[in-house]
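*Asks:* Task: produce atomic coordinates for the following.
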Amino acid sequence: MLKKQNNLDITSETKNIVLFQNSDSELFRNIDEKLLGKLSNLDKTKISTVYTLEHLSMDKVYLIGEESLKDKEKRDKTLKKIGAIEEEALVLLDTFPKDSVALVVEKLLYFRYRFDRFKQKNRKDLSTLHYAHSDTLNEAVAEGMVYGEAINNTRELVNTPYNYLNAEKLAAYAKELERFEHVKVRILEKEDCEKLNMGAYLGVNAGSKDAPKFIHVEYQNNPENKEKTALIGKGIMYDTGGYSLKSTQGMPTMKCDMGGAATVLGAIEAIARMGYKANVSVMIAATDNRIGDNAHVPDDILTAASGHTIEIISTDAEGRLTLADALWYAQEQGASRIIDVATLTGGVVAALGNYHTGAFSNNDEYFDTLSKTARQADEKIWRLPIDKAHHDTLKSQYADIKNSGGRMAAASVAAAFLEKFVQNDIPWIHLDIAGTAYNEKKGASGAMVKTLAKMFQ
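*Replies:* Coordinates of the predicted model:
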């Protein structure tokens, strides 16, 4: 937990303070003087602990060496240690370089996050980490809080198991985003989706006991600009693989298969809270993928809302079916640009591991904008190809397209499937976050929330 202290009084009751080794900061110089100049001469590359020996009312100073924030690896390591402090401490943000304050706040929130709401025994509550700053840092601190909280909200959604978060509950969560200015939320029920002929999406839902919920969030804050960007998130709330059943090793962690949905909800939260001048929509075709009496099976042919017929090769290639109808819907709603986000393939994990998000696009200029934004947000993406060979892999003898082309180039073939449902003149990016959204040991990451939101800054 981060809690604001309303003044920079260094006689605070908090027994520990955290500050940055910054000789340009008057606050740092004052504290250093009270400690007889000890702080200026400490190691600049690490966190040092200094006992105040009653020269201050606090017991200890955690001093962040001035070189500890020089690059991403050092910065994250340093702020992770501060985030892990188990005793109450006060972070004096005015001692930090002004251009780092937003990131420091964001990362402290990130590293303080714990998903332990279901633990009773051995649960260890972290003590409060306080922070204080002058009015000159209000905007930077507010930005850090928005991004830190939006990313953590995304992580919370992804970490939550299916029996606590199904399509209905995700829709209710999305509906609450109307508390932010310029946001309106519409939930399409099963009957609405049937009227729109969303046969691909409804085919995936056919084996579920839970009704599908198509979530449509609108953020309109630039009436003079007619351009509208759609952020589409894969919302498979749990994926058993259907009748192409996953193995006992492959099924655990499939609560994270709605990571794309959580990501775009986190992004639109940050966009709305920051008040960016943009028109952005979020679309999520939410459902689980289960075995049931009415579930679709391999060899079935489904008809998407676009009219394309799809031969089912694998019921475990279900996310792209829901995305196909969401892509169609976004274009029907007037989207002029589209980014879809999905935990789509194991193939992208094999290619890029857990380090880079796989990216695909039909428009070089649009991809370059995203790539530049990702670098600014310190998030790693890597562009992968889509070409005729990948499209040819999906040719079907019985339908317009197959939903799977096998294991070879699986990430590119899946992207080629999605591209089939995008009109040629609409710039489109597909982000496969299967490797970056979730780690079995660390849980959800919130990857790409910041990049997506900053596209509209």
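*Asks:* Next, the nearest residue to V104 once chain neighbours are set aside: phi, psi?
*Replies:* Using CB to CB, 6 or more residues apart in numbering and skipping the chain neighbours, the partner closest in space to V104 is F96 (5.7 Å). Quick note: C-beta positions are derived from backbone N, CA and C, even for glycine. Main-chain dihedrals, F96, degrees, to the nearest 10: phi -80, psi 150.
*Asks:* got the contact list for F96?
*Replies:* By CB atoms under 8 Å, 6 or more residues apart in numbering, the residues touching F96 are F20, N22, L69, V104.
*Asks:* same question, D432
*Replies:* A342, T343, L344, T345, V348, T357, G358, A359, F360, A411, A414, A415.
*Asks:* ok so, going back, in the contacts of F96, find the pair that's most separated.
*Replies:* Spatially, the most separated pair among those is N22 and V104, at 12.2 Å (CB to CB).
*Asks:* Of these two, which one has the most company?
*Replies:* A direct count of neighbours by other CB atoms under 10 Å for N22 and V104 places V104 higher, at 26 against 19.
*Asks:* ok, what's across the strand from N439?
*Replies:* Judged by DSSP bridges, the bridge partners of N439 are G443.
*Asks:* same deal with K402?
*Replies:* E311.
*Asks:* Can you verify my assumption that it contacts T309?
*Replies:* No - with contact defined as CB atoms under 8 Å, K402 and T309 do not form a contacting pair (10.3 Å).
*Asks:* Just give the number of residues close to I386.
*Replies:* 22.
*Asks:* what does S23 give?
*Replies:* If you count neighbours by other CB under 10 Å, S23 ends up with 10.
*Asks:* Let's verify it: helix, strand, or coil?
*Replies:* Following DSSP: H, G, I helix; E, B strand; the rest coil, the label given to S23 is coil.
*Asks:* For it, list the residues it contacts.
*Replies:* S23 makes contact with R29, S40, according to CB under 8 Å, 6+ apart.
*Asks:* those helices in the stretch 351-457 of the chain, which residues are they?
*Replies:* 364-376, 388-393, 410-419, 449-454 (DSSP state H, counting those that start in this stretch).
*Asks:* So A172, which state does it fall into?
*Replies:* Looking at A172 with three-state DSSP, the answer is helix.
*Asks:* per-residue pLDDT, it?
*Replies:* Looking at A172, its pLDDT stands at 98.
*Asks:* Likewise for E13?
*Replies:* pLDDT, E13: 68.
*Asks:* For the closest residue to I17 other than its chain neighbours, give me phi and psi.
*Replies:* Nearest non-adjacent residue to I17, counting by CB to CB, 6+ apart: L90, 4.8 Å away. According to degrees, to the nearest 10, the main-chain angles of L90 amount to phi -120, psi 120.
*Asks:* quick one: stretch 98-106 to chain centroid distance?
*Replies:* 19 Å (CA atoms, centre = their mean, to the nearest Å).
*Asks:* Of all the residues in that stretch, which ones are buried?
*Replies:* S100, V101, A102, L103, V104, V105, E106 (16 or more other CB atoms under 10 Å).
*Asks:* residues touching the nearest residue to the fourth one once chain neighbours are set aside, list them.
*Replies:* Nearest residue to L103, sequence neighbours excluded (CB to CB, 6+ apart): G144, at 6.6 Å. Contacts here follow CB under 8 Å, 6+ apart; on that basis G144 touches V101, A102, L103, V104, V105, E106, L109.
*Asks:* which element follows the host helix or strand of the last one toward the C-terminus?
*Replies:* If you go by DSSP states H and E, L109 is part of helix 101-112. Next in sequence after helix 101-112, counting helices and strands by DSSP H and E, comes strand 129-132.
*Asks:* what's that following strand packed up against?
*Replies:* Counting contacts by 3 or more CB pairs under 8 Å, 6 or more residues apart in numbering; DSSP states H and E, strand 129-132 packs against strand 2-4, strand 89-92, helix 101-112.
*Asks:* again, 10 Å this time
*Replies:* strand 2-4, strand 16-20, strand 89-92, helix 101-112, helix 138-159 (3 or more CB pairs under 10 Å, 6 or more residues apart in numbering; DSSP states H and E).
*Asks:* For N221, find the nearest of the ones you listed.
*Replies:* Among the helices and strands packed on strand 129-132, if distance is taken as CB to CB, the winner is helix 138-159, at 15.0 Å.
*Asks:* In that closest one, which residues are buried?
*Replies:* Residues 140-141, 143-159 are the ones in helix 138-159 that count as buried (16+ other CB under 10 Å).
*Asks:* Same question for stretch 317-337.
*Replies:* By 16+ other CB under 10 Å, the buried positions in stretch 317-337 come out as 317-331, 335-337.
*Asks:* export it as CSV, just CAs?
*Replies:* These are the backbone C-alpha positions of stretch 317-337, laid out as CSV (Å, rounded to 0.1, in the frame of the first residue of the first chain):
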residue,chain,number,x,y,z
ALA,A,317,-7.7,-22.6,-31.4
GLU,A,318,-10.7,-20.8,-30.0
GLY,A,319,-9.4,-17.4,-29.1
ARG,A,320,-9.0,-16.4,-32.8
LEU,A,321,-12.7,-17.4,-33.4
THR,A,322,-13.9,-14.9,-30.8
LEU,A,323,-11.5,-12.3,-32.0
ALA,A,324,-12.8,-12.7,-35.6
ASP,A,325,-16.2,-11.6,-34.6
ALA,A,326,-14.8,-8.8,-32.4
LEU,A,327,-12.8,-7.5,-35.3
TRP,A,328,-15.9,-7.5,-37.5
TYR,A,329,-17.9,-5.7,-34.8
ALA,A,330,-15.1,-3.0,-34.3
GLN,A,331,-15.2,-2.2,-38.0
GLU,A,332,-19.0,-2.1,-38.1
GLN,A,333,-18.7,0.5,-35.2
GLY,A,334,-16.5,2.7,-37.3
ALA,A,335,-13.0,1.8,-36.1
SER,A,336,-10.3,3.5,-38.3
ARG,A,337,-7.4,1.7,-36.5
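*Asks:* and S314, how far is that from T303?
*Replies:* 18 Å (CB to CB, to the nearest Å).
*Asks:* Check which residues of stretch 114-133 are buried.
*Replies:* Buried residues in stretch 114-133 (16+ other CB under 10 Å): L126, T128, L129, H130, Y131, A132, H133.
*Asks:* where's that stretch relative to the chain centroid, distance-wise?
*Replies:* Using CA atoms, centre = their mean, the offset of stretch 114-133 from its chain centre is 22 Å.
*Asks:* again with stretch 173-189
*Replies:* With CA atoms, centre = their mean, you get 18 Å for stretch 173-189.
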